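Visitor: This is a predicted model, with the sequence first.
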Amino acid sequence: MSLPPLVEPADELTVDEVRRYSRHLIIPDVGMAGQKRLKNAKVLVVGAGGLGSPALLYLAAAGVGTLGIVDDDVVDESNLQRQVIHGQSDIGKSKAQSAKESVAEINPYVNVILHELRLDSTNALEVFADYDLILDGTDNFATRYLVNDACVLLGKPYVWGSIYRFEGQASVFWDKYGPNYRHLYPEPPPPGMVPSCAEGGVLGVLCASIGSIMVNEAIKLITGIGEPLVGRLMIYDALEMEYRTVKVRRDPNAPDITELIDYEAFCGAVSDEAADAVKDSTISVKELKEWMDAGKDFALIDVREPNEFEIVSIPGATLIPKGEFLNGNALEKLPRDKQIVLHCKSGGRSAEALAAVKRAGFNDAVHVGGGVVAWVSQIEPDKPSY
């Protein structure tokens with residue numbers, strides 16, 4: 001589906017800009033008019049992480065005149081495996097500020113606007129209002145639904161990307177011309193069913209593959225060339241080196257989006273059962289260490305995956321992955337004569353496992369809030385974190 005250009009052209013390109021963008025200008029489909037549209041465009045990138053990093057770099061290199069960056073996080077060493085807009089010297093720095101500095105090195109003609117805040121229902125419409133196009137590179141469902149609904153209410157298109165391990169997806173959602181994100185995913189998956197990149201991992205270079213596709217779609221929308229991925233979902237399998245697309249259609253029975261809602265509650269960090277299970281059944285890592293030092297007799301169970309266990313573990317823990325709790329196989333491995341103490345990386349998976357354990361009659365079972373991350377931070381800081 002060909003669409004009209006999203007942005008009107010700027011009045012002119014300077015001599016320096018003509019030199020800089022000459023390889024665009026000699027492409028007939030882009031030319032002077034297309035480059036002037038890019039110069040006049042205002043694009044907001046939500047997240048300066050795995051997908052936002054290559055997207056921001058290539059949007060800047062392409063000559064998008066105004067780039068907004070939404071991010072309230074700071075650069076961590078674990079980011080550098082894939083978030084190529086940041087470097088070693090940026091560790092501990094605001095991601096938004098680090099990204100702005102990198103953009104300035106790529107293209108000093110780009111105006112960068114920072115939104116160092118946590119995007120939510122109270123600020124999304126105001127933040128989005130001044131931009132022509134939104135790129136969503138976040139890795140959580142609550143923000144994806146928020147971005148979608150805000151764009152629907154404002155009548156704006158947005159380019160979406162998603163990555164996990166070796167697979168990526170991308171599409172363009174624009175309610176005016178085709179389906180929106182809710183027509184692809186009417187409801188979020190059950191809490192804990194789909195792990196984040198922090199839990200499941202992602203091949204670093206996959207970010208560049210999907211991020212560059214997102215920028216390609218943005219350029220097509222801004223300049224009005226080609227056929228954007230409106231109504232199509234692009235799926236990339238890096239292991240098989242295979243791209244395929246599937247059609248996405250509007251659901252005529254989908255409810256109208258009339259307002260922004262509480263998206264954290266809509267998606268849920270953990271299931272209601274897990275939330276109930278952890279009430280009065282959560283201990284801190286300091287309490288766990290006190291139990292160990294006092295010689296308390298309990299069974300410490302790590303519900304992460306084997307590859308995570310190899311990276312770092314809490315002394316004395318036995319590995320039984322969460323999946324075995326959900327299918328019931330773990331229950332026969334648990335001792336009946338000891339208190340069960342569950343932990344994972346940060347607490348989400350162990351909460352779900354705790355619900356299954358309590359349902360099976362282990363009423364005094366508890367889980368460790370903060371998991372391995374908190375243990376390394378507070379108890380054994382010489383151990384690696386991830």
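Guide: Arrived safely.

Visitor: C-alpha only now, for contacts and for neighbours.
Guide: Will do.

Visitor: Could you find the closest non-adjacent residue to residue 189?
Guide: Closest residue to residue 189 apart from its sequence neighbours, by CA to CA, 6 or more residues apart in numbering: residue 267 at 7.7 Å.

Visitor: what about that neighbour, how many neighbours?
Guide: Residue 267 is flanked by 19 other residues according to other CA atoms under 10 Å.

Visitor: Might you report the residue contacts of it?
Guide: By CA atoms under 8 Å, 6 or more residues apart in numbering, residue 267 lies in contact with 141, 142, 188, 189, 190, 191.

Visitor: Low-confidence bits of the stretch 201-350 of the chain, can you list those?
Guide: Applying pLDDT under 70 to the stretch 201-350 of the chain flags residues 268-269.

Visitor: Correct me if wrong: residue 131 contacts residue 46.
Guide: No - counting by CA atoms under 8 Å, residue 131 sits too far from residue 46 to count as a contact (11.9 Å).

Visitor: Compare the two and say which one has the larger neighbour count.
Guide: In this view residue 131 and residue 46 are compared by other CA under 10 Å, and residue 46 has more residues nearby, 22 against 16.

Visitor: Got the phi and psi for the more buried one?
Guide: For residue 46, the backbone dihedrals (degrees, to the nearest 10) come out as phi -90, psi 110.

Visitor: how near is it to residue 266?
Guide: Distance, residue 46 to residue 266, by CA to CA, to the nearest Å: 20 Å.

Visitor: tell me the centre residue of this structure?
Guide: Compute the mean C-alpha point of the chain, and by CA atoms, centre = their mean the closest residue is residue 139, 1.5 Å away.

Visitor: For that residue, list the residues it contacts.
Guide: Neighbour list for residue 139: 162, 163, 196, 197 [criterion: CA under 8 Å, 6+ apart].

Visitor: go with 10 Å
Guide: Neighbouring residues of residue 139 by CA atoms under 10 Å, 6 or more residues apart in numbering: 47, 49, 50, 51, 161, 162, 163, 164, 195, 196, 197, 198.

Visitor: Could you count how many residues lie near the fifth one?
Guide: So that's residue 161. Applying other CA under 10 Å, we find 26 residues neighbouring residue 161.

Visitor: cool, and the second one?
Guide: A total of 27 residues lie near residue 49 under the criterion other CA under 10 Å.

Visitor: Kindly report the same for residue 266.
Guide: If you count neighbours by other CA under 10 Å, residue 266 ends up with 13.

Visitor: What strand or helix carries the residue nearest to it when sequence neighbours are not counted?
Guide: Leaving aside its sequence neighbours, residue 266 sits nearest to residue 142 (CA to CA, 6+ apart; 7.4 Å). Secondary structure assigned from DSSP states H and E places residue 142 in helix 141-154.

Visitor: Which secondary structure elements does that helix sit against?
Guide: Contacts defined by 3 or more CA pairs under 10 Å, 6 or more residues apart in numbering; DSSP states H and E place helix 141-154 against strand 42-46, helix 124-128, strand 133-136, strand 158-164, strand 167-173, helix 181-184, helix 263-267.

Visitor: which one of the ones you listed has the lowest average pLDDT?
Guide: Ranked on mean pLDDT, the bottom entry among the helices and strands packed on helix 141-154 is helix 263-267, at a mean of 84.
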